[in-house]
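Chemist: Next come a sequence and a model predicted from it.
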Amino acid sequence: MTSGSLSSAVEDESLLVVAARAGDETAFAALWSTAQRQAFGVCYHLTENRADALDALQETQLAAWKGLATFEGKAPFRAWVLAIARNAALAVVRRRAPGGAVFSEVVEDSAVTDPFEDTVAELTDLRRAMSALPSSHREALLLWAGGLTYEQVAGTLGVSINNVKVWIHRARRKLQAELGG
């Protein structure tokens, strides 16, 4: 992306934010579409199941809409939404009954067709490897992989940039070991 197109993208986002703040739902939908998929990924990996992730994602969207007036524009809209998604997912996890079971999604053998077996196995392995990470490492990695800078991740998590760099490095190393890479 050239500096001219980057500048244009920032201006476009700023215009969408102004319009959304004025109540333009179409402008908000355009902003939301840039962040929704990654926000779901953050929610899914922190809650570790689809139903809770969808609940957290819905809370994220509502919080972003209601809190648009507090968006300062110091970071991209997507980065702000990912921070909200993290908080919403952690809130969903905290609301679970103490010791309450989280029903993992079970894929029936007969439901998996041959072309998708490898993909399903890889996703299962990735989910297992991600859940083996310490929560701080997993959160830092997800936010960073979602496009936040080290500085933004540090601000979101309330830790030093050096902690974030170490956590991400260790998380990546552990994932490589777990996934045989």
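Modeler: Noted; the coordinates are in hand.

Chemist: for stretch 13-31, which positions count as buried?
Modeler: 13, 16-17, 19-20, 27-28, 30-31 (16 or more other CB atoms under 10 Å). Quick note: C-beta positions are derived from backbone N, CA and C, even for glycine.

Chemist: Compute the first-to-last residue distance for stretch 156-164.
Modeler: For stretch 156-164, the first-to-last residue distance is 10 Å (CA to CA, to the nearest Å).

Chemist: what's the answer for stretch 61-70, then?
Modeler: 14 Å.

Chemist: quick one: contacts of the host helix or strand of E178?
Modeler: Under the criterion of DSSP states H and E, E178 resides in helix 161-179. Helix 161-179 has contacts (CB atoms under 8 Å, 6 or more residues apart in numbering) with 125-126, 128-130, 132-134, 136-138, 140-141, 144, 150-151, 153-154, 157, 181.

Chemist: How about the secondary structure of the nearest residue to R86 once chain neighbours are set aside?
Modeler: Leaving aside its sequence neighbours, R86 sits nearest to V42 (CB to CB, 6 or more residues apart in numbering; 5.7 Å). Under DSSP: H, G, I helix; E, B strand; the rest coil, V42 falls in the helix class.

Chemist: what about V42, distance to A177?
Modeler: The gap separating V42 from A177 is 23 Å, by CB to CB, to the nearest Å.
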